[in-house]
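Chemist: sequence and predicted structure below; questions after.
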Amino acid sequence: MELDAIANDATAGRITPQTLASLRAWEGRSETVHDQVNPSTVLGMAATLDLSDVGAAPGDALRPLWHWALFNPRVPQSAIGDDGHPRRGGFLPPVPLPRRMWAGGRLQWHAPLCVGDAVRRTSRIGEVSHKAGRTGDLLFVTVQHEIHGPAGLAVSEEHDIVYRAAPRPADPVVAPLAAPADAAWTRQVTPDPVLLFRYSALTFNGHRIHYDRSYVTQVEGYPGLVVHGPLIATLLAELGQRENPGRRVRAFSFKAVRPTFDLHPFDVCGKPAGDGAGAELWGRDHEGFLTMQARIDFD
């Protein structure tokens with residue numbers, strides 16, 4: 001009965017109290033997966049990010065956020081949904097809203113992960129919550145991850161996923177926020193389809209919004225290919241580390257504010273945090289609007 005109610009809401013593109021109660025039944029579900037930090041993964045990420053000074057020999061430390069290329073979802077082709085993601089209703093709840101985005105996250109590093117390490121990730125569905133936004137229903141799912149390596153707990157992470165209703169012509173236009181104008185560091189990035197394809201391949205991300213232009217424009221209503229939120233977050237983290245050489249990353253948090261598309265170059269920006277413990281980071285689109293907020297902290 002619960003899945004029938006969710007299916008009915010999928011047709012209407014809405015979240016009713018009954019559906020929210022059904023989706024909240026997923027809270028507390030967990031799964032554990034295993035992987036290994038392979039040199040080919042590290043070299044592939046370095047090439048995609050245009051970095052030439054990354055060690056990929058056994059024992060070399062994995063750079064922060066590069067674990068997102070591990071634990072890839074090996075879902076059979078027959079179990080893929082129309083959007084390119086695994087069909088809903090497995091580990092993640094079957095949210096009846098068509099647009100799915102990685103909205104943000106909070107991470108802490110406890111011990112290094114190194115090339116050659118056997119690793120495991122235990123994931124748990126945390127809170128499932130609903131909000132009525134200015135452009136329709138929003139459903140938030142928080143997933144808690146713990147990644148263990150040979151030395152024990154290495155990374156703890158909270159990952160926020162947001163689901164949104166399909167766009168409608170009458171939806172109000174949400175006013176964008178101006179990006180900060182006091183950047184101490186800036187790097188321009190050209191998000192061409194090859195970059196997006198390579199990052200999708202590294203993370204085994206089949207979501208069609210990142211590489212299928214006809215799908216993303218005609219079905220999900222975006223003007224162009226969507227740049228991966230985790231890719232932007234990784235570029236921000238790399239900027240923060242480049243400007244603070246020799247400091248070990250302790251924590252990183254980020255929040256997506258506005259989608260970034262492949263139609264124009266964008267900037268990753270940052271400045272030292274006022275407390276001296278890290279850096280404030282942000283993404284800025286070609287119009288000067290804020291696309292992502294982040295912070296990196298060092299030991």
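Modeler: Happy to help now that I have it.
Chemist: show residues contacting stretch 211-229.
Modeler: 83-84, 98-99, 101-104, 166-167, 191, 193, 196-197, 199-200, 203, 205, 208-210, 254, 256, 259-263, 266, 292 (Cβ atoms under 8 Å, 6 or more residues apart in numbering). Quick note: C-beta positions are derived from backbone N, CA and C, even for glycine.
Chemist: mind redoing it with 6 Å?
Modeler: For stretch 211-229, the external contacting residues (Cβ atoms under 6 Å, 6 or more residues apart in numbering) are 99, 102, 167, 191, 196-197, 199-200, 208-210, 256, 259-263.
Chemist: which of those residues are buried, as a ChimeraX select command?
Modeler: The ChimeraX selection below is limited to those of the contacts of stretch 211-229 classed as buried (16 or more other Cβ atoms under 10 Å):
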select :99,102,191,196,199,200,208,209,210,256,259,260,261,262
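Chemist: biggest helix in the chain by residues?
Modeler: Ranked by number of residues, the top helix in the chain under DSSP state H is helix 229-242.
Chemist: downstream of that one, the next helix or strand is which one?
Modeler: Counting by DSSP states H and E, the next helix or strand C-terminal to helix 229-242 is strand 249-256.
Chemist: pairing partners for that next one, with directions?
Modeler: With DSSP bridges as the test, strand 249-256 is paired with strand 99-109 (antiparallel), strand 290-298 (antiparallel).
Chemist: these: lowest mean pLDDT?
Modeler: The minimum mean pLDDT among those belongs to strand 99-109 (a mean of 95).
Chemist: and that strand, C-alpha only, in CSV?
Modeler: Taking C-alpha atoms only, strand 99-109 is exported to CSV below (Å, rounded to 0.1, in the frame of the first residue of the first chain):
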residue,chain,number,x,y,z
ARG,A,99,14.5,16.4,-10.4
ARG,A,100,17.3,15.1,-8.2
MET,A,101,20.4,17.1,-7.1
TRP,A,102,23.3,16.8,-4.7
ALA,A,103,22.5,19.8,-2.5
GLY,A,104,25.5,19.8,-0.1
GLY,A,105,27.4,18.0,2.5
ARG,A,106,29.6,18.1,5.6
LEU,A,107,32.8,16.0,5.9
GLN,A,108,35.5,15.3,8.5
TRP,A,109,38.8,13.4,8.0
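Chemist: centre of the chain to that strand, how far?
Modeler: Taking Cα atoms, centre = their mean, to the nearest Å, the mean C-alpha location of strand 99-109 is offset from the chain mean by 5 Å.
Chemist: quick one: that strand to helix 229-242, angle?
Modeler: Counting by axes from the mean of the first three to the mean of the last three Cα atoms, to 10 degrees, strand 99-109 lies at 30 degrees to helix 229-242.
Chemist: tell me which residues in the helix or strand that comes right after strand 99-109 are buried?
Modeler: Next along the chain after strand 99-109, taking DSSP H and E as the criterion, comes strand 118-133. Within strand 118-133, the residues scored as buried using 16+ other Cβ under 10 Å are 119, 121, 123-126, 128, 130.
Chemist: for strand 118-133, packing partners?
Modeler: In terms of contacts (3 or more Cβ pairs under 6 Å, 6 or more residues apart in numbering; DSSP states H and E), strand 118-133 is packed against strand 30-36, strand 136-149.
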